[in-house]
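*Asks:* dropping the sequence and predicted coords here.
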Amino acid sequence: MKKKIFFSGLFLLLFGAGVYLNQLLPIATGYSAKNLASGIFVAGRTQESIEDIDLNFSIVKFVNNKVDYEKKEVTSSFLWRKSKAIYIEGFGCTLVEEFPEEEIRSRPYQVIPSLPESPDTIAWPMGNLITDSIPPGININKLNSAVEKIMADTIPFKGNFGLMVLYKGQQVAETYQKGFSPETRFLSWSMAKSFTNTLIGIRIKQGKLDLQKPIDLPDWRNDDRKNITLNNLLQMNSGLDWNESYGNLSDVTVMLHKFGDMGQYTANLGALYPTDSVWVYSSGTTNLANLVLRRSFDSDSDYFKFPRQELFNKLGMKSAIFEVDASGTFVGSSYLYATLRDYARFALLYQNDGNWLGEQILPKDWVDYTVQPANGSDGKYGAFFWLNRSGDQPDSPKDTYMCKGHDGQFIFIIPSKELIVIRTGFSKDGDFDSNLMLKEILSCLE
């Protein structure tokens, strides 16, 4: 009898482990295929570099990756699971999930020219001609020492790829670790959420979206979700059930690696809280907001050219690549690539209240709206931007607001100091202290 109970228990344990592993494997292989493909074909990095740094953790480091440089695709496999990511010109790399590869490739992607054509002959910020003069109010020798300290690649500043500092709109520091350069496109991770904020702001300025109007999805009309607005999505207090835990099976890992339509994945979730009451950080609501954005266009071809035509080209963000999911919706939660200089241009747009060289790109009150604390966030979040009103960066001014990425990607905007700091890299928890970085740089202001 005892043996029967033992073997029954063992069977159930093994069966449960097998079920869990079967659910986990697509996360591991999907993560590896997608990030390796984008790292090689979008960022221009080597397979060795990405596997040694970005994919060297947990079960992901055991995944076998096969790169087809001719077809520009990556197949990643572990045990019985395979995942494939393909390259789409102008739109980066996409995991082949839920939709046939032929359908994914045949969407009406609109690749329009990236402007300016010759950035090295045009003055900053539209181009890359940067003056050598230093604006008054900053100790450049002290800043150089601080930057050298930050880029030493030791704790508490471990894992840097690149660092840029702008003061009074002018670049005063730009440096890269070996293997990276001003031409390298860097992954945004969740900094992409702030770009989603921008695209929605532009669309609102065009009169095609309304922040306060209920989204009105057909499946939501007969339950509490019928009250959810675009504003609730941007401020992450929609009330939708969501788990943003990384490192295991959760809504965010399942959405990014197992579902081809990420916005619809979120739309299918039920409500857990009353709308506008509880703040829950959610990559899902960002991708749902991108689906709402997509539906505001008469055609997908217009939607696909929108970021390049209305944002990237107007700011001179020649390098920017916004990737799409298998359904064709921009993955606004996570997948944008750009150089540090182009991230800096994006930050300048916000520092200048949405105005770019005389053209009002965003609604005049959009930046003020962006930095208003979301209900339930205790002052730490606005509209797809993080805020410092809660003092998360204790040695920085309270008016600091920022874009944050999962592995330590940051864009800090400090209006009261006319300061912008952009940092990208790959840092595990505890390896990089963003507050100390800002403290070192702020100490250089006179």
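*Replies:* Yep, that arrived.
*Asks:* tell me how many other residues surround Ser443.
*Replies:* By the criterion of other CB atoms under 10 Å, Ser443 has 13 neighbours. Quick note: C-beta positions are derived from backbone N, CA and C, even for glycine.
*Asks:* per-residue pLDDT of it, please?
*Replies:* On the pLDDT scale, Ser443 is placed at 98.
*Asks:* relative to Lys149, how far out is it?
*Replies:* 11 Å (CB to CB, to the nearest Å).
*Asks:* just Gly391 next, same as before
*Replies:* In this view, Gly391 and Lys149 are 24 Å apart by CB to CB.
*Asks:* ok, Ser32 next?
*Replies:* Between Ser32 and Lys149 the distance is 34 Å, computed by CB to CB.
*Asks:* neighbour count: those two, which is higher?
*Replies:* Ser32 (29 against 13).
*Asks:* close enough to count as contact, Ile40 and Val67?
*Replies:* Yes. Counting by CB atoms under 8 Å, Val67 is a contact partner of Ile40 at 6.4 Å.
*Asks:* more neighbours: which of these two?
*Replies:* Higher neighbour count among Ile40 and Val67: Ile40, with 22 against 17, using other CB under 10 Å.
*Asks:* any idea how far the more buried one is from Ala192?
*Replies:* Between Ile40 and Ala192 the distance is 19 Å, computed by CB to CB.
*Asks:* next one: Gly39
*Replies:* 16 Å.
*Asks:* between those two, point out the one with more neighbours.
*Replies:* Taking neighbours as other CB under 10 Å, Gly39 and Ala192 compare with Ala192 leading, 29 against 24.
*Asks:* not counting its neighbours along the chain, what's nearest the more buried one?
*Replies:* Leaving aside its sequence neighbours, Ala192 sits nearest to Leu336 (CB to CB, 6 or more residues apart in numbering; 4.1 Å).
*Asks:* quick one: the one you found from Ala271, how far?
*Replies:* Distance from Leu336 to Ala271, counting by CB to CB: 29 Å.
*Asks:* of these two, who's got more company?
*Replies:* Between Leu336 and Ala271, Leu336 has the larger neighbour count (other CB under 10 Å), namely 31 against 17.
*Asks:* okay, and the beta partners of the more buried one?
*Replies:* Beta-bridge pairing for Leu336 (DSSP bridges): Phe322.
*Asks:* right, and it touches Ile321 too?
*Replies:* Yes. Counting by CB under 8 Å, Leu336 touches Ile321, with 7.0 Å between them.
*Asks:* any regions of the chain where pLDDT drops low?
*Replies:* In the predicted model of the chain, residues 1-22 satisfy pLDDT under 70.
*Asks:* return the backbone torsion pair for Val67.
*Replies:* phi -100, psi 130 (degrees, to the nearest 10).
*Asks:* ugh, typo on my part, it should be His257
*Replies:* When read as degrees, to the nearest 10, the backbone of His257 gives phi -120, psi -10.
*Asks:* what about it, distance to Tyr335?
*Replies:* Taking CB to CB, one finds His257 at 12 Å from Tyr335.
*Asks:* go on, Leu445?
*Replies:* With CB to CB as the criterion, Leu445 and Tyr335 are 35 Å apart.
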